[in-house]
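**Q** Next comes the sequence, and after it the predicted model I'd like to discuss.
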Amino acid sequence: MLVIKKSLNSSVLLVQNDKKKEFILMGKGIGFGRKPGEKVEENSDNQVFMPIDNKSTKRLIELIDCISEDYFELAQEIVHYAAQELNTTFQDNIYFLLTDHLSSAVDRYKNNTMIFNRVYWEIKNFYPAEFSVGLFALELLNKRLGINIPEDEAANIAFHLVNGQDGKSSQHNAIRAAKLISSVVSLVKYTTNKEFDTETIHYSRFLSHMQFFAERFFANKLLSSDDDFLYTQMEYKYPFSVKCANRVGQYIYQNYERELPKEEIVYLALHIQRLISET
């Protein structure tokens, strides 16, 4: 059982447990008419954020004091929807980060100072599930507030959803991964002198491979087998695709000072070969 310390707004409560640890409880209408000292139970409708220290609590309260509770409710709806659609869970702080982001985005829209998302294309293509949720969130935001923020904002929301998922650390940073993937895709297109059909299954699999590659790369968990036999077979059978994959390896070494193991080269060459074969 939790005890209310303060009702921050009708959707947010500051509470503490029997060990005097403070929590933020969020839920639509959870704070309406509630008073300090009253008891409240946790349930599936409430989301709990546990600040690490008093300084953290103070920052959160300041955020709540200067942002309309409408944004807190919108953020909760978006995160709940995203959890179901993406079949994942999120870090608790995403509620505050997304709330702050939505409020700032609307302020920029009203002040005609919208910021162009430079990685819109990368987010849309490399994180399609999160981008789809971003479109849902944007439609909800526009409809609820009677505004018309452009589609760019869906990618910004998707960025928060990518980074906010539980179990994801720095290797899953959406911007860093998206830039790496975008650079590799551009290099493959340039080397093969082809424009790939983005609607095909092989292109989709290529992007999926690159997503997992980026995750392994930034997690320092690259496939490490240096199987010369498989590499030699690929080089004999598909010399151009292996050459293209090695160019990617050279690019990565020049920009990240890391060598790609032959196993990574082989798998990349396989996907490149499939792309070439269907065009």
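**A** Thanks, I have the structure now.
**Q** Asn9 pairs with what?
**A** Counting by DSSP bridges, Asn9 is bridged to Val12.
**Q** so where do the helices sit in the protein?
**A** Per DSSP state H, the chain carries helices over the ranges 54-66, 69-86, 94-110, 120-126, 128-145, 152-163, 174-192, 201-218, 228-237, 239-256, 262-277.
**Q** of those, which approaches Ser10 most closely?
**A** Closest approach to Ser10 among the helices of the chain (Cβ to Cβ): helix 69-86, 5.8 Å. All C-beta spots, glycine's among them, are computed from the backbone N, C-alpha and C.
**Q** Who are the packing partners of that closest one?
**A** helix 94-110, helix 128-145, helix 152-163 (3 or more Cβ pairs under 8 Å, 6 or more residues apart in numbering; DSSP states H and E).
**Q** now do 7 Å
**A** With contacts defined as 3 or more Cβ pairs under 7 Å, 6 or more residues apart in numbering; DSSP states H and E, helix 69-86 has these neighbours: helix 94-110, helix 128-145.
**Q** Dump the C-alpha coordinates for the first one into PDB.
**A** Output for helix 94-110, consisting of C-alpha atoms alone and laid out as PDB, is shown next (Å, rounded to 0.1, in the frame of the first residue of the first chain):
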ATOM      1  CA  ILE A  94       9.700   7.300 -21.000                       C
ATOM      2  CA  TYR A  95       6.400   8.700 -19.600                       C
ATOM      3  CA  PHE A  96       8.200  11.900 -18.500                       C
ATOM      4  CA  LEU A  97      10.500  12.100 -21.600                       C
ATOM      5  CA  LEU A  98       7.600  11.700 -24.000                       C
ATOM      6  CA  THR A  99       5.400  14.100 -22.000                       C
ATOM      7  CA  ASP A 100       8.100  16.800 -22.200                       C
ATOM      8  CA  HIS A 101       8.700  16.100 -25.900                       C
ATOM      9  CA  LEU A 102       5.000  16.400 -26.800                       C
ATOM     10  CA  SER A 103       4.700  19.600 -24.900                       C
ATOM     11  CA  SER A 104       7.800  21.100 -26.600                       C
ATOM     12  CA  ALA A 105       6.700  19.900 -30.000                       C
ATOM     13  CA  VAL A 106       3.300  21.600 -29.700                       C
ATOM     14  CA  ASP A 107       5.000  24.800 -28.400                       C
ATOM     15  CA  ARG A 108       7.300  24.800 -31.500                       C
ATOM     16  CA  TYR A 109       4.400  24.200 -33.800                       C
ATOM     17  CA  LYS A 110       2.400  27.100 -32.300                       C
END
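**Q** JSON lines please, covering the helices and strands packed on helix 69-86 and showing mean neighbour count.
**A** Putting those into JSON lines (neighbours: other Cβ atoms under 10 Å) gives the following:
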{"stretch": "helix 94-110", "mean neighbour count": "19"}
{"stretch": "helix 128-145", "mean neighbour count": "18"}
